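1. quick check, what structure comes out for this input:
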Amino acid sequence: MKLSVGFNWDPLLLEGLAKYPVHDVFGAMPNTPMGGGRPGFMLPEIEENKTLKDYVEQAHSLGIKFTYLFNAPCLNNMEFDERVHNEFLAFVEMLNNANVDYLTISIPYLIELVREQFPAFKIKSSVIQQINSIRRAQLFEELGASIMNPDYMINRDFNLLRNMKKALNGELMLLVNDLCMYQCPFRYYHYNMIGHASQSTTPLGNFYIDYCATRCTLLKFGNPGELLRARWIRPEDIKEYEALGIEYFKISGRNLSTEWLLRAVKAYTDKKYDGNLMDILMRASVGLNMDYHAPHFEKLLTDEVLADDRLKSFVNMADVPFITAFIDNSKLDGFLEPFKTIDCINTNCRDCRHCDDWAKKAIKRDPELTKQYLQALNQVYKDLTTSKYFRARDGSIIRAESGKKKKKKKDRSKKKSDDGIKWAKDAEELLDKAMGDISRLYRRVARMVSKRGAQSNARKRNSRIVERDDLIRAFLTDVPKPFRKTMFAGLEGEGIDIKKYQEELGIFD
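-> This is a model prediction of the structure:
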């Protein structure tokens with residue numbers, strides 16, 4: 001077994017991986033001209049006092065190789081812009097000087113560019129290239145890829161994998177812990193969307209509204225069978241793929257915590273995991289997920305975005321805890337066996353029902369929390385498909401005049417978000433103190449919802465001044481549940497009787 005593991009730029013992760021059979025780590029920096037397969041706001045930065053070469057040297061000292069990702073599927077033709085083209089060459093030269101071992105590249109032209117000018121690099125194909133046939137795999141091998149990441153959708157096509165392995169001179173590497181929906185209709189568009197959201201050359205910067213993840217999550221959590229149809233590989237089933245001669249396995253999660261990644265690596269090394277399989281599966285998470293590292297999340301939620309009522313459902317998702325399902329891994333023994341004979345690509349899932357039947361046995365969900373989560377997602381979906389996000393503030397459709405550039409007018413009808421409300425000094429001080437107990441990644445959102453709730457409470461009293469009581473009540477009703485325990489401990493340290501307010505509001509959590 002040789003594992004390839006997503007890297008979150010944490011030196012402690014490298015130290016933790018040293019005792020496992022890790023072949024290489026893979027990662028990319030956010031906001032580069034070439035971008036990658038994750039939106040820039042979601043990716044951690046290299047530590048201020050470190051260089052990429054420092055991480056590569058640390059990895060090498062532990063016997064771990066380093067892969068850098070150029071896996072955005074589209075550059076908007078900027079690879080043919082003189083400035084961007086030369087920036088790319090300079091960046092690859094920097095990677096070469098840092099002794100990076102592998103490059104994962106999605107765009108064929110860039111593969112051949114690197115192969116011609118930087119022959120020392122070894123090339124991996126990308127899952128994004130959708131390599132789903134022997135001939136397609138051979139063509140990418142001829143382009144220069146020595147390790148092939150085939151399409152995740154063929155993970156359970158044992159006949160194809162067996163024959164593909166035999167047909168290639170290089171190695172196959174299977175992505176084992178992805179939760180993308182089987183034959184997802186949004187997958188191509190999603191890769192393109194997040195690729196552009198990682199590039200410094202795009203006009204919107206990192207900003208985007210993740211229609212694909214929203215729509216996909218609605219389908220997966222609306223029908224639990226989709227969670228089992230997804231082409232992940234259980235740790236216990238790795239042996240089935242090793243029997244095909246495959247020894248390279250990829251564990252995704254470079255935007256997740258070190259604790260999360262080490263848990264997944266241990267599970268696949270041990271070829272066993274007791275508990276909820278979702279704990280080691282990488283999913284497009286819409287909502288508040290405490291395992292995610294999103295150091296640039298605050299930049300996404302600009303003051304303009306936070307104050308725009310049209311984007312309310314989008315902003316509110318940052319306040320909605322991500323609801324997962326419980327996939328009891330102990331109840332999935334034998335689940336994979338029928339895939340050795342089922343030809344899924346030519347089978348009607350509605351007739352087969354294999355995954356749906358097993359989902360009834362293995363998956364548990366909290367009905368009420370799932371309902372609330374899906375309602376929040378549905379609101380984002382509805383606001384996107386009705387174009388609410390893109391209408392004028394009075395609800396009318398904005399019509400562009402063909403061939404003419406309209407001068408943008410200031411919207412003088414927009415009111416200030418605070419409506420002239422002032423804050424008592426002790427309320428302001430308490431707000432600042434409480435925010436110090438919130439994770440920096442989500443502090444902006446927590447401050448926004450707390451202020452909004454406190455000001456609403458003041459209005460209910462027909463007052464234009466926010467008092468401490470208004471703010472404390474907002475903390476209990478508006479701050480996301482994952483943050484309340486830490487925050488409440490801090491408030492109690494200030495001598496505030498939280499239980500009194502909980503009883504008054506009927507909130508007990």
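2. residues touching residue 184, list them.
-> If a contact means C-beta atoms under 8 Å, 6 or more residues apart in numbering, then residue 184 has 190, 216 as its contacts. To be clear about C-beta, it is placed using only N, CA and C from the backbone, and glycine gets the same treatment.
3. now swap in the one 4 residues further on and tell me
-> Residue 188 is in contact with 73, 130, counting by C-beta under 8 Å, 6+ apart.
4. the one 5 residues further on too?
-> Shown here is residue 193, whose contacts under the criterion C-beta under 8 Å, 6+ apart are 208, 210-212.
5. dump the residues you listed into a markdown table; add secondary structure and distance to residue 468 as well.
-> Written out in a markdown table, the entries for the contacts of residue 193 read as follows (DSSP: H, G, I helix; E, B strand; the rest coil; distance: C-beta to C-beta, whole Å):
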| residue | secondary structure | distance to residue 468 |
| --- | --- | --- |
| 208 | coil | 38 |
| 210 | coil | 37 |
| 211 | helix | 41 |
| 212 | helix | 43 |
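6. pLDDT weak spots in the stretch 101-250 of the chain?
-> Screening the stretch 101-250 of the chain residue by residue with the criterion pLDDT under 70, one finds the ranges 205.
7. tell me the one of the contacts of residue 193 nearest residue 31?
-> Ranked by distance to residue 31 (C-beta to C-beta), the contacts of residue 193 are led by residue 208 at 13.4 Å.
8. counting neighbours, what do you get for the closest one?
-> By the criterion of other C-beta atoms under 10 Å, residue 208 has 16 neighbours.
9. what's the answer for residue 126, then?
-> Applying other C-beta under 10 Å, we find 25 other residues in the vicinity of residue 126.
10. test my guess that it contacts residue 71.
-> Yes. A contact is recorded between residue 126 and residue 71 when judged using C-beta atoms under 8 Å, the distance being 4.4 Å.
11. and stretch 254-261, end to end?
-> Using C-alpha to C-alpha, to the nearest Å, the end-to-end distance of stretch 254-261 comes to 8 Å.
12. now it: buried residues?
-> In terms of neighbour count (16 or more other C-beta atoms under 10 Å), stretch 254-261 has its buried residues at 254-258, 260-261.
13. how about the residues you listed, which pair is most distant?
-> The span of the buried residues of stretch 254-261, defined through C-beta to C-beta, is set by 255 and 258 at 11.8 Å.
14. shared neighbours of those two, anything?
-> With contacts defined as C-beta under 8 Å, 6+ apart, the residues adjacent to both residue 255 and residue 258 are residue 8.
15. any low-confidence regions in the chain?
-> Counting by pLDDT under 70, the chain contains low-confidence ranges at 40-44, 205, 284-309, 311, 314-323, 392-419, 437-445, 480-486, 508-509.
16. any idea how far residue 53 is from residue 46?
-> Distance check for residue 53 against residue 46: by C-beta to C-beta, to the nearest Å, it reads 10 Å.
17. now swap in residue 186 and tell me
-> Residue 186 is 31 Å from residue 46, where distance means C-beta to C-beta.
18. more neighbours, those two?
-> Here residue 186 and residue 46 are compared on neighbour count by other C-beta under 10 Å; more neighbours surround residue 186, at 19 against 14.
19. residue contacts, the more buried one?
-> 211-212, 215-216.
20. what's the closest non-adjacent residue to it?
-> The spatially closest residue to residue 186, leaving aside those adjacent along the chain, is residue 212, at 4.0 Å (C-beta to C-beta, 6 or more residues apart in numbering).
21. only whichever of the contacts of residue 186 are buried, select them in ChimeraX.
-> Once 16+ other C-beta under 10 Å is used to decide burial, the buried members of these can be selected in ChimeraX as follows:
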select :211,212,215,216
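22. which of the contacts of residue 186 sit farthest apart?
-> Across those, no pair lies farther apart than 211 and 216, at 9.3 Å, counting by C-beta to C-beta.
23. I figured residue 230 hits residue 177, correct?
-> No. With contact defined as C-beta under 8 Å, residue 230 does not count as touching residue 177 (10.1 Å).
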